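*Asks:* Curious how this folds, go ahead:
(2 chains)
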Amino acid sequence: MKILVNGAWRETGAADLAAALHELGYGEAVVATALNGEFVAAGSRPGARLTEGDRLEVLAPMQGG
Amino acid sequence: MLQVYGTELRSRLFLGTSRYPSPAVLTAAVKASRAQVVTVSLRRESSGERAGQGFWSIIRELGVRVLPNTAGCHSVKEAVTTAHMAREVFNTPWIKLEVIGEDDTLQPDVFGLVEAARILTADGFEVFPYTTEDLVVADRLLAAGCRVLMPWGAPIGSGRGLNNLFGLKALRAHFPDLPLVIDAGIGVPSHAAQAMELGFDAVLLNTAVAQAADPVRMAAAFAQAIEAGCDARLAGPMEPRDLAAPSTPVIGTAFLR
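*Replies:* Residues are numbered from 1 along each chain as shown, chains lettered A, B, ... in the order given. Modelled structure (predicted):
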């Protein structure tokens, strides 16, 4: 299925958010996630099921003022 | 010592980490500023580049406390979601809450700000709201649970200093015991010294250091100015007057006409 990851369409076979992050290559990176605009805590990622067309945001520390 | 949400801070300078010419200059500037708190943000991370991981490693090595922001958020929902993401990534309840209402001036949407502050405080966050000098909004933010306020000096990145001296003085007078941090609009160290002389508790700035020709030297200059302004406030400045008052004693002046 296709999901929108940080604004770009990506093909994934992962059933849940934790598996998708692994498949997408984030590995052990320090990131926070939101699915369809809702925050998903790290501990809840394995239970967050993915469906076609989901919008996933993967954010990481960045410079800020 | 400045105390915010139970944390004591020696430095009264909060420094932003954005727009430096290089990571090495950022590191040197933070050290030169003697800041104990730096502001950080969250942005989309590419699994290939992993730019955020490198930045986070630099900040952790500095050993400073981080104050994550919700920059770029224009709605309560965006700001609240971003705050939750920041709390998880940075492992801190502190959040510099920005809800932007207007893009030309980056003026806060104070209505959304109060609502987001209420939601986040109820969820255990310690909120540092980027606000205006409006007294009524300040009251609402306190009622929402904020224990520190961050009024703007001038629009973010403008470098214009303290735009509304009357309003800022009124805010200080109205809340004599509340930690007040001037956030945004500071351009040169004299602006920061002025804020401290007026009795504000700290200054948060970024562009004035990051975009200086020599950011490291400017960071040190701001540290000195903030310390000087704070000492001046504690020393009790003289009252200004309209006419001259000779500083050299007039008694015993020679008659030489």
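*Asks:* Show me where chain B has its strands.
*Replies:* According to DSSP state E, chain B carries its strands in the segments B:2-4, B:7-9, B:13-16, B:37-44, B:65-68, B:94-97, B:100-102, B:107-108, B:126-131, B:150-151, B:181-183, B:202-205.
*Asks:* May I see those organised as TSV, with distance to B:H174 added?
*Replies:* C-beta here means a position set from N, CA and C on the backbone, and glycine is covered the same way. As requested, the strands of chain B are exported to TSV (distance: least, C-beta to C-beta, whole Å):
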stretch	distance to B:H174
strand B:2-4	19
strand B:7-9	23
strand B:13-16	22
strand B:37-44	25
strand B:65-68	24
strand B:94-97	21
strand B:100-102	23
strand B:107-108	18
strand B:126-131	13
strand B:150-151	11
strand B:181-183	16
strand B:202-205	18
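*Asks:* In a markdown table: those, plus mean neighbour count and distance to chain A.
*Replies:* Below are these laid out as a markdown table (neighbours: other C-beta atoms under 10 Å in any protein chain shown; distance: least, C-beta to the nearest C-beta, whole Å):
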| stretch | mean neighbour count | distance to chain A |
| --- | --- | --- |
| strand B:2-4 | 17 | 18 |
| strand B:7-9 | 13 | 19 |
| strand B:13-16 | 28 | 3 |
| strand B:37-44 | 23 | 3 |
| strand B:65-68 | 22 | 7 |
| strand B:94-97 | 26 | 8 |
| strand B:100-102 | 16 | 13 |
| strand B:107-108 | 22 | 14 |
| strand B:126-131 | 25 | 10 |
| strand B:150-151 | 27 | 12 |
| strand B:181-183 | 27 | 9 |
| strand B:202-205 | 28 | 8 |
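*Asks:* Export those strands as TSV, with columns for mean pLDDT.
*Replies:* Below are the strands of chain B laid out as TSV (pLDDT from 0 to 100):
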stretch	mean pLDDT
strand B:2-4	97
strand B:7-9	97
strand B:13-16	98
strand B:37-44	97
strand B:65-68	98
strand B:94-97	98
strand B:100-102	95
strand B:107-108	96
strand B:126-131	98
strand B:150-151	98
strand B:181-183	98
strand B:202-205	98
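*Asks:* which stretch among these comes nearest A:G13?
*Replies:* Proximity of the strands of chain B to A:G13 was assessed by C-beta to C-beta; the nearest stretch is strand B:37-44, lying at 22.6 Å.
*Asks:* relative orientation of that closest one and strand B:126-131 in degrees?
*Replies:* An angle of 80 degrees separates the directions of strand B:37-44 and strand B:126-131 when computed by axes from the mean of the first three to the mean of the last three C-alpha atoms, to 10 degrees.
*Asks:* Helices along the chain, start to end?
*Replies:* No chain in the question, so chain A it is. Taking DSSP state H as the test, the helices found in chain A are A:17-24.
*Asks:* that's the wrong chain, I wanted chain B
*Replies:* Chain-ordered helices for chain B, with DSSP H as the definition, fall at B:23-33, B:51-62, B:76-90, B:110-122, B:135-143, B:165-174, B:189-197, B:207-210, B:215-235.
*Asks:* Please identify which of the strands of chain B is closest to B:A144.
*Replies:* Between B:A144 and those, the shortest separation by C-beta to C-beta is 7.8 Å, and it involves strand B:126-131.
*Asks:* Partner strands of the closest one, with direction?
*Replies:* Each strand paired with strand B:126-131, and its direction, by DSSP bridges: strand B:94-97 (parallel), strand B:150-151 (parallel).
*Asks:* Stretch B:86-102: how far from the chain's middle?
*Replies:* Taking the mean of its C-alpha atoms, stretch B:86-102 sits 14 Å from the chain's own mean (C-alpha atoms, centre = their mean, to the nearest Å).
*Asks:* Please convert the helices of chain B to CSV, extending it with distance to chain A.
*Replies:* Written out in CSV, the entries for these read as follows (distance: least, C-beta to the nearest C-beta, whole Å):
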stretch, distance to chain A
helix B:23-33, 8
helix B:51-62, 3
helix B:76-90, 3
helix B:110-122, 12
helix B:135-143, 20
helix B:165-174, 20
helix B:189-197, 15
helix B:207-210, 7
helix B:215-235, 13
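*Asks:* lowest-confidence stretch among those?
*Replies:* For those, the bottom mean pLDDT is recorded on helix B:51-62, which sits at a mean of 94.
*Asks:* quick one: that helix to strand B:37-44, angle?
*Replies:* Using the same axes, to 10 degrees: helix B:51-62 against strand B:37-44 is 160 degrees.
*Asks:* So what touches helix B:51-62?
*Replies:* Defining contact as C-beta atoms under 8 Å, 6 or more residues apart in numbering or on different chains, one finds that helix B:51-62 is touched by A:29-31, A:59-63, B:17, B:23, B:26-27, B:30-31, B:38, B:40, B:43, B:45, B:66.
*Asks:* Quick check on those: which are buried?
*Replies:* Among these, those buried by neighbour count (16 or more other C-beta atoms under 10 Å in any protein chain shown) are A:30-31, A:59-63, B:17, B:26-27, B:30, B:38, B:40, B:43, B:45, B:66.
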